[in-house]
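>>> Here is the input, now give the coordinates:
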Amino acid sequence: MERITRRRAIQLAGAATLKTLATPRAPAYAEGTTLHWLKFVDFVPVSDQLLKGKLKDDCKKALGIDLAIETINGDGVQARITAAIQSKNGPDIMMAVSNWAQLYADSLTDMSDLAEEVGTAQGGYFNTAKAVANNGKRWIALPFTILGVLYANRTSWFAEFGYGPEKFPATWEEYRAVGKKLKAKSHPLGQTLAHAFGDGPAGWYPYLWSWGGKEVEADGKTVVLDSKETVESVKFAVAMWKDAYDEGGMSWDDAGNNRAFLSNTISSTSNGASIYLLARAKPNDYLTEAGKPIKDDIFHAPLPSGPGGQFSYHVPFSNLIPTYTANQKAAKEFLRWFHSKDIYEEWFTSQQGFSVGATKMWEDDKVWGVDPIMAPFRRAAESGRFAGYAGPAGRAAAEAISKFIIVDMYAKAVQGIAPEDAVKWAHGELIKIYAA
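Numbers count the residues shown, from 1 in each chain. Predicted coordinates:
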């Protein structure tokens with residue numbers, strides 16, 4: 001008789017859970033049970049089409065649940081979540097970005113059983129996914145996915161100065177230098193300095209960390225933003241912005257840099273894969289200045305390094321179930337069904353690499369063998385940090401990112417405030433939050 005070791009027992013338990021999650025369920029809810037799911041409009045339109053079409057029908061057949069999916073612009077999602085929580089009336093499931101869930105922890109359904117079930121079955125969660133959805137006591141949300149963020153770059157324009165997929169600027173000094181040359185040829189770099197929920201933090205948080213700056217110490221209480229490292233990062237950002245960036249980025253929302261890149265206005269921008277995927281989906285609509293498909297003139301690369309190292313911020317998403325809903329059981333059952341291997345794989349495939357998954361299993365999905373241009377996104381989530389680093393992704397960190405304090409620090413300096421004063425302002429705002 002085979003001796004069952006502890007390792008083997010864990011393997012068997014994981015296999016059993018995965019089998020359970022992959023098994024179709026018979027209809028469980030009475031006719032007329034409806035779930036209202038609020039989510040942002042997907043940057044990969046085919047995924048929303050799948051959700052509102054085939055998967056909506058499949059959900060009805062499998063669970064007896066009518067799925068009502070409401071999609072709105074991502075910049076409006078947090079206001080809707082806040083209003084629903086405060087009024088105790090609204091959607092049954094709400095998609096949150098970054099660590100927003102931490103703001104509403106006391107009003108959210110305990111997701112511990114489901115989150116542990118999915119994580120065990122699918123190779124465990126990436127650190128970022130767990131940090132934003134678990135408050136240290138319980139799972140307050142179910143990790144949904146992580147949006148990989150890299151630089152999208154114009155291959156031919158960078159090639160003029162000796163850069164490309166195999167050699168991208170390794171440091172901010174090098175990136176600024178080539179950006180200055182590109183801007184001189186009317187091909188500036190592009191980055192938002194506005195309140196764009198994804199692109200703003202995903203660009204400026206890792207930039208801050210790469211200089212050695214940070215909001216708080218690991219204790220999550222001691223605010224340390226006002227440091228020599230942070231001030232130096234702001235001084236350099238102001239000079240780099242003037243030398244190399246498209247100044248229209250002051251007002252860009254999360255689609256602003258997409259539009260600028262696809263209209264041949266900018267040469268490089270921090271973004272998810274949506275720019276390339278749209279160009280690939282509509283090759284005759286998005287053309288280079290030479291009239292060729294722009295999809296064939298794009299490569300992806302990680303953010304450069306600073307004096308403090310190289311960092312990244314890949315945007316995590318999670319789903320919340322508010323305690324006010326009478327449909328908590330049905331909502332959890334829907335999410336269990338959606339995150340089963342076969343169902344989630346359909347959605348994951350439709351994302352084409354735009355989302356990398358919240359669990360590690362999806363790094364080995366066949367989607368990564370389809371297009372070599374997308375390959376750099378495969379392991380992106382392994383290196384990601386989260387808002388609040390080096391402290392926890394708690395309520396204070398969630399409030400800070402929701403108020404765009406780090407982004408505004410750089411924006412104020414670019415607009416003319418002395419770097420030292422911009423840092424002192426941001427440091428003071430963080431003290432108000434972390435001391436509350």
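>>> Excluding covalently adjacent residues, which one is nearest to the residue nearest to the spatial centre of the chain?
Residue closest to the mean C-alpha point of the chain, counted by CA atoms, centre = their mean, is residue 315 at 1.5 Å. In space, and not counting its chain neighbours, residue 315 is closest to residue 147: 4.2 Å by CB to CB, 6 or more residues apart in numbering. Glycine gets a C-beta too; all of them are placed from N, C-alpha and C.
>>> okay, now that neighbour: neighbour count?
As a burial measure, residue 147 scores 23 neighbours (other CB atoms under 10 Å).
>>> and it, what does it touch?
198, 272, 314, 315, 316, 317, 354, 355, 356 (CB atoms under 8 Å, 6 or more residues apart in numbering).
>>> Leaving out the residues flanking it, which one is nearest to residue 384?
Counting by CB to CB, 6+ apart, the residue nearest residue 384 is residue 314, at 3.9 Å.
>>> count of residues packed around the one you found?
The number of residues packed near residue 314 is 25, by other CB under 10 Å.
>>> same question, the one 10 residues further on
The tally of other residues near residue 324 (other CB under 10 Å) stands at 16.
>>> tell me the phi and psi of it?
Main-chain dihedrals, residue 324, degrees, to the nearest 10: phi -70, psi -20.
>>> who are the neighbours in contact with it?
84, 85, 88, 89, 90, 107.
>>> repeat that with 6 Å
Residue 324 is in contact with residue 88, counting by CB atoms under 6 Å, 6 or more residues apart in numbering.
>>> Please determine how far it is located from residue 190.
Distance of residue 324 to residue 190, given as CB to CB, to the nearest Å: 41 Å.
>>> now residue 220
Residue 220 sits 33 Å away from residue 190, going by CB to CB.
>>> more crowded one of those two?
residue 190 (28 against 17).
>>> show me the contacts for the residue nearest to that one when sequence neighbours are not counted.
Distances taken as CB to CB, 6+ apart put residue 266 closest to residue 190, at 3.4 Å, once the chain neighbours are dropped. Residue 266 is in contact with 188, 190, 246, 260, counting by CB under 6 Å, 6+ apart.
>>> Residue 179 now?
Contacts of residue 179 (CB under 6 Å, 6+ apart): 189, 244.
>>> that older thread, of the contacts of residue 266, just say which sits nearest to residue 133.
Of all the contacts of residue 266, residue 133 sits closest to residue 190, with 31.0 Å by CB to CB.
>>> that older thread, could you check the pLDDT of the residue nearest to residue 190?
For residue 266, the pLDDT comes out at 98.
>>> Helix, strand, or coil at it?
Secondary structure assignment for residue 266 (DSSP: H, G, I helix; E, B strand; the rest coil): coil.
>>> returning to that earlier point: please report phi then psi for the residue nearest to residue 384.
For residue 314, the backbone dihedrals (degrees, to the nearest 10) come out as phi -100, psi 130.
>>> before we move on, what about residue 291?
Dihedral angles (degrees, to the nearest 10) for residue 291: phi 90, psi 10.
>>> for residue 144, phi and psi?
phi -100, psi -50.
>>> Please disregard the earlier target; I meant residue 69.
Dihedral angles for residue 69 - degrees, to the nearest 10 - are phi -100, psi 120.
>>> Could you report the distance from it to residue 417?
43 Å.
>>> Could you tell me the model confidence score at the residue nearest to residue 315?
96.
>>> Repeat that for residue 2.
At residue 2, pLDDT is 39.
>>> How about residue 32?
pLDDT for residue 32: 69.
>>> same thing with residue 352?
pLDDT, residue 352: 97.
>>> How about residue 79?
Predicted confidence (pLDDT) for residue 79: 95.
>>> how many other residues sit next to it?
10.
>>> Low-confidence bits of the chain, can you list those?
The chain contains residues with pLDDT under 70 at 1-32.
>>> how's it carved up into domains?
Domains of the chain are assigned by automatic domain parsing as 30-147+314-383, 150-313+403-434.
>>> Quickly note the distance from residue 299 to residue 255.
21 Å.
>>> Residue 351 too?
Look at residue 351 and residue 255: by CB to CB, they are 17 Å apart.
>>> And the helices in the stretch 151-300 of the chain, which stretches?
Under the criterion DSSP state H, counting those that start in this stretch, helices of the stretch 151-300 of the chain are mapped to 155-159, 172-184, 199-210, 228-244, 256-262, 274-281.
>>> ok, residues contacting the longest one?
Residues outside helix 228-244 that contact it (CB under 6 Å, 6+ apart) are 176, 179-180, 183, 189, 208, 211-213, 410, 413-414, 419-420, 422-423.
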